[in-house]
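Novice: Quick one: sequence plus predicted model below, questions after.
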Amino acid sequence: MTYKIALLPGDGIGPEVTQAAVKVINLVAEKFNVKMKYEEFAIGGNCFDKHGTPLVEETLEGCYNSDSVFLGAVGGPQWEKLAHHLKPEAALLKLREKLELFANIRPAKIYPSMLDNSTLKKEVLEGTDFIVLRELTGGIYFGKPRGMDDNKGWNTMVYSTEEVERIARKAFEIASKREKVVTSVDKANVLEVSQFWRNVVEKVHKDYPEIKLNHMYVDNAAMQLVRDPKQFDVILTSNIFGDIISDISGMITGSLGMLPSASLGKKYSLYEPVHGSAPDIAGQNKANPIAAISSAAMMFFHTFEMTKASEIIEKAISLTLDEGFRTADIATQESKVVSTTEMTSMIMNNIEKIFAEEAIGVFLL
Ligand code: NAD
């Protein structure tokens, strides 16, 4: 089996963390006897410098012709003064739109040895492992009419049956590979659009009787996330609520350098760390590669449907953190501070160890 991955390293630390992810993908692919073919394309500020636009047709074509897309990060101070549509970040929005990536997934999982990095108490956090599934291409960020004049401003929150159905289906499908609980977050006590959302989610749920479905108002969900995050498995929600909820969830589990993400559509998928291009540390081999490597684990899980490969990467990250290795952004006084490339090598060593141990396990059986 050969998979084609379009690589969009981007700006700042983007290329450094992309390289880290590629090394890990190659190692795991080799272990599972799968071949990876990469093609690299320009995006963001460096693309603007070369072509006068942050996203070129060639990049889009490259993404259309691949099995998946991996993106590093875009942006930097040198491009901040450009017109809105020429800014590096505009390329991301256009890419998501062109690839019709309607489902955004952000996991909130705490690695045992990182429990002290969160602002929440250890006993509240221990065992937290849920994902936020955010509808990404509809809702109030895109609804019309929108605008403002001297006296008022207005936006429209609108969802069609098709838009809610496809994201709800995705939530139930993902939950079926996890703990089988979906919590749909809305504001159905006040908003008609949320009542509509709830009705459609319930209709879709009939096709997934093995999954438990709860509904929760968004204000209560915000409270529950910091009160008892362990209660969640898959949180399904709309664009604006997901925007807020996923940031709360991200911070429950610690640093920006640790947060992966996936954006899925019907045909295409894109994986990227949540963090930006971190211009302050770019080119210094200091970036934390874990968000990017964990995004690669998500690629194995969601696109290549190689659950075991994904689990092994996550386990190797966890073991490396247990051993006390930290990049500077997550270091404590007791940590052994390592560079981007060193952290990547430590994780790869642990992947090798896990394979070796599992092979011994098979042998003993
Ligand atoms: P940022 O995420 O780049 O950095 C915020 C802080 O976190 C910085 O101190 C940085 O050093 C640190 N940091 C981020 N990722 C890290 C990592 N992997 N390892 C260690 N430390 C890390 O956010 P910002 O500074 O607000 O934005 C910088 C640029 O990135 C801007 O141009 C912004 O528009 C862009 N941006 C891009 C994306 C994206 O590509 N998806 C997302 C957010 C911001």
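Specialist: Arrived safely. Residues are numbered from 1 along each chain as shown.

Novice: now the helices for the stretch 151-300 of the chain?
Specialist: Assigned helices in the stretch 151-300 of the chain, in chain order: 161-176, 192-205, 218-227, 239-252, 290-302 (criterion: DSSP state H, counting those that start in this stretch).

Novice: who's in contact with stretch 141-156?
Specialist: 140, 157-158, 239-240 (CB atoms under 8 Å, 6 or more residues apart in numbering). C-beta here means a position set from N, CA and C on the backbone, and glycine is covered the same way.

Novice: hmm, back to that, identify whichever of the helices of the stretch 151-300 of the chain lies nearest to Glu57.
Specialist: Among those, the nearest to Glu57 by CB to CB is helix 290-302 (24.3 Å).

Novice: Just want the angle from the helix or strand following that closest one to helix 290-302.
Specialist: The helix or strand immediately downstream of helix 290-302 is helix 307-322, counting by DSSP states H and E. Orientation of helix 307-322 against helix 290-302 (axes from the mean of the first three to the mean of the last three CA atoms, to 10 degrees) gives an angle of 160 degrees.

Novice: How far does helix 307-322 sit from its chain's centre?
Specialist: Averaging C-alpha positions (CA atoms, centre = their mean, to the nearest Å) puts helix 307-322 16 Å from its chain's average.

Novice: Would you pull up the residue in the stretch 51-200 of the chain closest to the ligand?
Specialist: Going by CB to the nearest ligand atom, the ligand is nearest to Gly75 of the stretch 51-200 of the chain, at 2.4 Å.

Novice: secondary structure class for that residue?
Specialist: In three-state terms, and counting by DSSP: H, G, I helix; E, B strand; the rest coil, Gly75 is coil.

Novice: Go ahead and confirm it touches Ala282.
Specialist: No - counting by CB atoms under 8 Å, Gly75 does not reach Ala282; the two are 10.7 Å apart.

Novice: Residues in a beta bridge with the residue most central in space within the chain, which ones?
Specialist: The chain has Ser261 as the residue nearest its centroid, 0.6 Å off, counting by CA atoms, centre = their mean. Counting by DSSP bridges, Ser261 is bridged to Glu272.

Novice: who touches it in this structure?
Specialist: By CB under 8 Å, 6+ apart, the contact list for Ser261 reads 104-106, 271-274, 295, 298.

Novice: Highest neighbour count among those residues?
Specialist: Among the contacts of Ser261, Pro273 has the most neighbours (other CB atoms under 10 Å), with 31 neighbours.

Novice: so that residue touches Ala296, yeah?
Specialist: No - with contact defined as CB under 8 Å, Pro273 does not reach Ala296; the gap is 9.9 Å.

Novice: Name the residues contacting each of those two.
Specialist: By CB under 8 Å, 6+ apart, no residue touches both Pro273 and Ala296.

Novice: Give me the neighbour count for the nearest residue to Asn189 once chain neighbours are set aside.
Specialist: Closest residue to Asn189 apart from its sequence neighbours, by CB to CB, 6 or more residues apart in numbering: Tyr217 at 6.0 Å. By the criterion of other CB under 10 Å, Tyr217 has 16 neighbours.
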